[in-house]
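Asker: Sequence unavailable; structure follows:
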């Protein structure tokens, strides 16, 4: 691992790009707002009250959500790729996204099978968030329970995929008995959205996100040692089970919360670690962790800005943009580099 290089210039450049993307994202939309008015709104000196409401109540929370979602998925992807030493591992390989989808499906599609109670639950604004969180939590607990009796890390990956298959089967059964309206609502949730969060919801989202971030930072030493193999990690005094547990919990908190509040957003968690390694040619997680955090936030802000269709009243699904932009990039990286840094 390269430890002597600090990459100060690269980090400075990323911070500048992040700031530009942040203010550009706030300025774009069906109503174009000049940068001067954006700065005025942030510092309490804007004359147009309509613009102030648009910025304060809609665009600013959405931009902050994009930063949290992009950085969180980038961190989760890095943790999973290092834990499983697999370049194709993403933040949802443990079945977290599938568990969230099952929870949401039970609320949205379950009324077709179970009737009134689920229909009443839909009236609550928090019902989908709570359902997604509980679904992710239950799958996480199942994976953790199995991981205590499994020594092989790759076995946990396979178990997570199997949990995903089970939940997908249940969702298929629920879909079969659901109405077209219910299916449409579920599909729209699957598109992902960054614009549905109020300041109170964003506060809760941020709190859980930062708990996961602290756990991720605490696992940096363990992540670096895992790159050299389990035996080397043991020789350094690393408790493999404890380290694996912390990494799984951190990933689940971040990715599960993102899925609950913003829906299942594809590509970012898989591709961002690879894109980051093109600029930061190191395997040291003291460098990679903050780097993927910044890079993920930048890419998500760019994708959200494209999804806005500036000057138009229409907004494209964020999942469509992340896939259209990201999938070709990942293919290009795999063809160009052939061998990933693991």
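Answerer: Received, thanks. Computed from a predicted model, the values in this text were never measured in an experiment.
Asker: List of residues touching the helix or strand hosting residue 182?
Answerer: Applying DSSP states H and E as the criterion places residue 182 in helix 180-191. Residues from elsewhere that reach helix 180-191 (CB atoms under 8 Å, 6 or more residues apart in numbering): 101, 104-105, 108-109, 111-112, 128, 175, 178, 263-264, 317-320. C-beta: built from backbone N, CA, C; applies to glycine.
Asker: Just the ones in strands from those, please.
Answerer: Here DSSP state E is the test, and the contacts of helix 180-191 give no hits in strands at all.
Asker: circling back to that earlier point, now do the buried residues in the helix holding residue 182.
Answerer: 182-183, 185-186, 189-190 (16 or more other CB atoms under 10 Å).
Asker: Also stretch 276-292?
Answerer: Using 16+ other CB under 10 Å as the burial criterion, the residues of stretch 276-292 that qualify are 276-277, 280, 282-292.
Asker: Same list (these) but as TSV, adding distance to residue 208, pLDDT and secondary structure.
Answerer: Formatted as TSV, these follow (distance: CB to CB, whole Å; pLDDT from 0 to 100; DSSP: H, G, I helix; E, B strand; the rest coil):
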residue	distance to residue 208	pLDDT	secondary structure
276	24	91	helix
277	28	87	helix
280	27	89	coil
282	29	87	coil
283	28	87	coil
284	27	91	coil
285	22	92	helix
286	24	92	helix
287	25	93	helix
288	23	94	helix
289	18	95	helix
290	20	95	helix
291	23	95	helix
292	19	96	helix
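Asker: between those, which is nearest residue 169?
Answerer: Lowest distance from residue 169 to those (CB to CB) belongs to residue 292, with 32.9 Å.
Asker: can you tell me how far that closest one sits from residue 80?
Answerer: Counting by CB to CB, to the nearest Å, the gap from residue 292 to residue 80 is 12 Å.
Asker: Flag the shaky bits of this structure, pLDDT-wise.
Answerer: When residues are selected by pLDDT under 70, those of the chain lie in 1-4, 44-47, 111-125, 151, 311, 337-342.
Asker: which element follows the helix holding residue 182 toward the C-terminus?
Answerer: helix 199-218.
Asker: which helices and strands does that next one pack with?
Answerer: Counting contacts by 3 or more CB pairs under 8 Å, 6 or more residues apart in numbering; DSSP states H and E, helix 199-218 packs against helix 60-84, helix 240-262.
Asker: Out of the ones you listed, indicate the one that is most buried.
Answerer: For the helices and strands packed on helix 199-218, the largest average neighbour count (mean count of other CB atoms under 10 Å) is found in helix 60-84, namely a mean of 26.
Asker: What is it packed up against?
Answerer: For helix 60-84, the elements it packs on are helix 8-27, helix 153-176, helix 199-218, helix 220-226, helix 240-262, helix 268-279, helix 285-307, judged by 3+ CB pairs under 8 Å, 6+ apart.
Asker: what's the burial count for residue 50?
Answerer: With neighbours defined by other CB atoms under 10 Å, the count for residue 50 comes to 10.
Asker: what are the phi and psi angles of it?
Answerer: The phi/psi pair for residue 50 (degrees, to the nearest 10) reads phi -60, psi -40.
Asker: Mind putting the helices and strands packed on helix 199-218 into TSV with distance to residue 231?
Answerer: Putting the helices and strands packed on helix 199-218 into TSV (distance: least, CB to CB, whole Å) gives the following:
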stretch	distance to residue 231
helix 60-84	16
helix 240-262	10
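Asker: and of those, who's closest to residue 97?
Answerer: So among the helices and strands packed on helix 199-218, helix 240-262 is nearest, using CB to CB, at 5.4 Å.
Asker: how far away is residue 336 from residue 81?
Answerer: Using CB to CB, residue 336 is found at 18 Å from residue 81.
Asker: Reformat the helices and strands packed on helix 60-84 into CSV and put distance to residue 53 next to each item.
Answerer: Formatted as CSV, the helices and strands packed on helix 60-84 follow (distance: least, CB to CB, whole Å):
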stretch, distance to residue 53
helix 8-27, 13
helix 153-176, 38
helix 199-218, 13
helix 220-226, 42
helix 240-262, 22
helix 268-279, 30
helix 285-307, 20
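Asker: quick revisit: inside helices: which ones of the contacts of helix 180-191?
Answerer: Here DSSP state H is the test, and those give 101, 104-105, 108, 111-112, 128, 175, 318-320 as lying in helices.
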